[in-house]
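Colleague: what's the 3D shape of this:
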Amino acid sequence: MKAVIMAGGKGSRLRPLTKRIPKPMLQLLDRPAMEYIVELLAMHDFNDITMTVCYMADVIRDYFSNGKDWGVRIHYQDEIVPLGTAGGVKALQHQLQETFVVMSGDALTDFNLSQAMETHRRYGGIATLLLTSINCPLGYGVVDVGEDGRIQNFIEKPKTWVEGNSYLVNTGIYIFEPEIFQYIPAQQPFDFGRELFPMLLQLKLPLYGFEATGYWSDVGTLQQYYQTQIDMIHGRVHVNLPIELASVF
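Modeller: A predicted model of the protein is given here:
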């Protein structure tokens, strides 16, 4: 199965850590953040991976090479001009002719991708968004889902929220059918959350949400970067830990 890892961002909110290293290559404990994503994909049989790269792409390419050390095949798509999340994936249309998953290279998760794929196939929609429940949705896309799993509303980065409520938010992990490319313009910036998903809802196309269980952290700020590693040390996420920590759990 095929997967795309978006790894082209500069990580400006994580400066100065990202001044000399791309955001997906920041260390989470003993190895780069994106290595955990590659391991998760391999675990769930997504063994054909393309990384979209831009900022300091050679650092990523030199580390992962062709992917054989992880039992996968890794390809690279260079973004000379940033095209946004959806625009960058559109450039891969020719090689994504079957169901595929898209993930960010700078998040940490242990979601069951096999279960998510089974649910996507059962829904039969053009896209399934993996969702998680949080108390403060600022900075995320908030999703309303009906009893049948179909997304009814999508609000990208709401400006208000109610303390004490829980919200289903977009984790930036998507399962797509290749028909999705019909709705993404070529060679121009286009974003999944701000543009594509609201458009699909307006067109009344079958867009579904899957509330995943497990750990997910958007490693987008310095505070979250350090908190994620604390969570790892305390065993809150199921990933391959350094030997000295793994023996504790």
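
Colleague: in this structure, which spans are strands?
Modeller: Using DSSP state E, the strands of the chain run over 2-7, 27-28, 31-32, 48-53, 73-78, 100-104, 107-109, 127-134, 141-145, 151-156, 167-176, 207-211, 216-218.

Colleague: let me have those strands in a markdown table, extended by distance to residue 19.
Modeller: The way it works is simple: take the backbone N, C-alpha and C, and place the C-beta from them, glycine included. Converted to a markdown table, these look like this (distance: least, CB to CB, whole Å):
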| stretch | distance to residue 19 |
| --- | --- |
| strand 2-7 | 17 |
| strand 27-28 | 15 |
| strand 31-32 | 16 |
| strand 48-53 | 18 |
| strand 73-78 | 21 |
| strand 100-104 | 20 |
| strand 107-109 | 21 |
| strand 127-134 | 29 |
| strand 141-145 | 29 |
| strand 151-156 | 29 |
| strand 167-176 | 24 |
| strand 207-211 | 37 |
| strand 216-218 | 21 |
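
Colleague: right, and residue 134 touches residue 167 too?
Modeller: Yes - using CB atoms under 8 Å, residue 134 is in contact with residue 167, at 6.1 Å.

Colleague: so these two - more neighbours on which side?
Modeller: Legend: neighbour count by other CB atoms under 10 Å for residue 134 and residue 167, higher for residue 167 (21 against 16).

Colleague: need the strands of the chain in a markdown table (columns: mean pLDDT).
Modeller: As requested, the strands of the chain are arranged in a markdown table below (pLDDT from 0 to 100):
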| stretch | mean pLDDT |
| --- | --- |
| strand 2-7 | 94 |
| strand 27-28 | 91 |
| strand 31-32 | 93 |
| strand 48-53 | 96 |
| strand 73-78 | 95 |
| strand 100-104 | 96 |
| strand 107-109 | 95 |
| strand 127-134 | 93 |
| strand 141-145 | 86 |
| strand 151-156 | 85 |
| strand 167-176 | 93 |
| strand 207-211 | 95 |
| strand 216-218 | 92 |
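
Colleague: can you tell me which of the ones you listed comes nearest to residue 91?
Modeller: For the strands of the chain, proximity to residue 91 was assessed by CB to CB; strand 73-78 is nearest, at 5.9 Å.

Colleague: quick one: the helices in this protein?
Modeller: Secondary structure of the chain (DSSP state H): helices at 33-43, 57-64, 84-90, 113-123, 197-202, 222-233, 243-246.

Colleague: looking at these, which is nearest to residue 163?
Modeller: Checking these against residue 163 by CB to CB gives helix 222-233 as the closest, at 19.2 Å.

Colleague: quick one: closest of the strands of the chain to residue 237.
Modeller: Judging these by CB to CB, what sits closest to residue 237 is strand 107-109, at 6.3 Å.

Colleague: same for the closest one, what does it pack against?
Modeller: Here strand 107-109 is seen to pack against helix 33-43, strand 167-176, strand 216-218 when contacts are counted using 3 or more CB pairs under 8 Å, 6 or more residues apart in numbering; DSSP states H and E.
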